[in-house]
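Engineer: Structure of the sequence below:
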Amino acid sequence: MHLDPPATMPQRHTHSAGPLRADGSRRALRVGLGGPVGSGKTASVAALCRTLRDRWSIAVVTNDIYTREDAEYLLREAVLPPERITAVETGACPHTAIRDDISANLEAVEHLEETLHPLDLVLIESGGDNLTATFSKGLVDVQIFVIDVSSGDDIPRKGGPGITTADLLVVNKTDLAPHVGADLAAMAVDAERQRGDLPVVFTSLTSDDGIREVADWVTAHLSEWRVKAAV
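Structural biologist: Modelled structure (predicted):
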């Protein structure tokens, strides 16, 4: 899918979308995954799909600037049926498509909702970004920010909106820590200092159940979402 940028200035979305669709039915919980290039966002999406697909109805939207590479990876890995995976080619800064002009991503999500209804969960993966990237509240309900230890154990203390405000911070590739000299304990202390009470999970997707804590976190939000939509 390639959507041309709008001719007008983008509208910033700052308000959360409601839990119901126009027909009054419950819409899917939308979970955004952001983080730097190579941190393991796509691998995390794949692992979440494999872990949750037997219990929940899931779809995925990926974002790349000029390609469909992340979607094609998920298709090759057969983490979901092909009709449940779609791609947005942003053609510009990935921040814009997830935060400022979210129209292309909203269109993709709404198309999945229409064709696959009922959906429980839509995972929206940002293109490779940096520590300032955040998702619009009009696009996602909760957001996960993924960093990895091979980029340096000083990343958590550098802060930035992605690290300080994401609903969940994932520190990925912990199995590489001994090889790159990363101090996981120091990363945990720095992350807590930056985030306060917001949760942090350390993951290694090379282990058999390395995504479990993240999957449990998503499942808890899904359960809360169903209750909220029923009220």
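Engineer: CA atoms for contacts and neighbours, from now on please.
Structural biologist: Noted.
Engineer: how far does stretch 78-97 stretch from start to finish?
Structural biologist: 26 Å (CA to CA, to the nearest Å).
Engineer: Could you tell me which residues within it count as buried?
Structural biologist: Residues 79-80, 84-91, 94-97 are the ones in stretch 78-97 that count as buried (16 or more other CA atoms under 10 Å).
Engineer: Just give me the closest of those residues to D70.
Structural biologist: A87 (8.0 Å; CA to CA).
Engineer: returning to what we had before: return the member of the buried residues of stretch 78-97 nearest to V45.
Structural biologist: V79 (9.0 Å).
Engineer: List the residues that contact A215.
Structural biologist: By CA atoms under 8 Å, 6 or more residues apart in numbering, A215 lies in contact with L48, T51, L52.
Engineer: report the longest helix in the protein, please.
Structural biologist: Longest helix in the chain, counting residues (DSSP state H): helix 212-230.
Engineer: Could you give me the buried positions within that helix?
Structural biologist: R212, V214, A215, V218, T219, H221, L222, W225, R226.
Engineer: same deal with stretch 70-77?
Structural biologist: D70, A71, E72, L74, L75.
Engineer: In those residues, find the pair that's most separated.
Structural biologist: Largest pairwise distance in the buried residues of stretch 70-77, by CA to CA, is 8.7 Å, between D70 and L75.
Engineer: circling back: pick out the lowest-pLDDT one from the buried residues of stretch 70-77.
Structural biologist: Minimum pLDDT for the buried residues of stretch 70-77 is recorded at D70 (90).
Engineer: C-terminal to the helix or strand containing that one, which secondary structure element comes first?
Structural biologist: Assigned by DSSP states H and E, D70 belongs to helix 69-77. Using DSSP H and E, the helix or strand that follows helix 69-77 in sequence is strand 85-89.
Engineer: List every C-alpha atom in that following strand, with coordinates, as CSV.
Structural biologist: Output of strand 85-89 as CSV, limited to C-alpha atoms (Å, rounded to 0.1, in the frame of the first residue of the first chain):
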residue,chain,number,x,y,z
ILE,A,85,-1.0,-8.1,7.8
THR,A,86,-0.8,-4.8,5.9
ALA,A,87,1.8,-2.2,5.2
VAL,A,88,1.9,1.6,5.1
GLU,A,89,4.7,3.2,3.1
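Engineer: Which residues does that strand contact?
Structural biologist: 1-3, 59-68, 70-71, 74-75, 104-105, 108.
Engineer: which of these are buried?
Structural biologist: Buried members of the contacts of strand 85-89, counted by 16+ other CA under 10 Å: 59-65, 67-68, 70-71, 74-75, 104-105, 108.
Engineer: The residue nearest in space to the middle of the chain: what secondary structure?
Structural biologist: Nearest to the geometric centre of the chain sits L33, at 1.6 Å (CA atoms, centre = their mean). Under DSSP: H, G, I helix; E, B strand; the rest coil, the three-state class of L33 is strand.
Engineer: didn't it look like it was pressed against S39?
Structural biologist: No. Counting by CA atoms under 8 Å, S39 is not a contact partner of L33; they are 10.9 Å apart.
Engineer: anything in contact with each of those two?
Structural biologist: Residues touching both L33 and S39 (CA under 8 Å, 6+ apart): V146.
Engineer: any idea which element the residue nearest to R157 when sequence neighbours are not counted lies in?
Structural biologist: Distance criterion CA to CA, 6 or more residues apart in numbering; nearest residue to R157, sequence neighbours excluded, is D190 at 5.1 Å. According to DSSP H and E, D190 maps onto helix 184-195.
Engineer: Okay then, goodbye and thanks.
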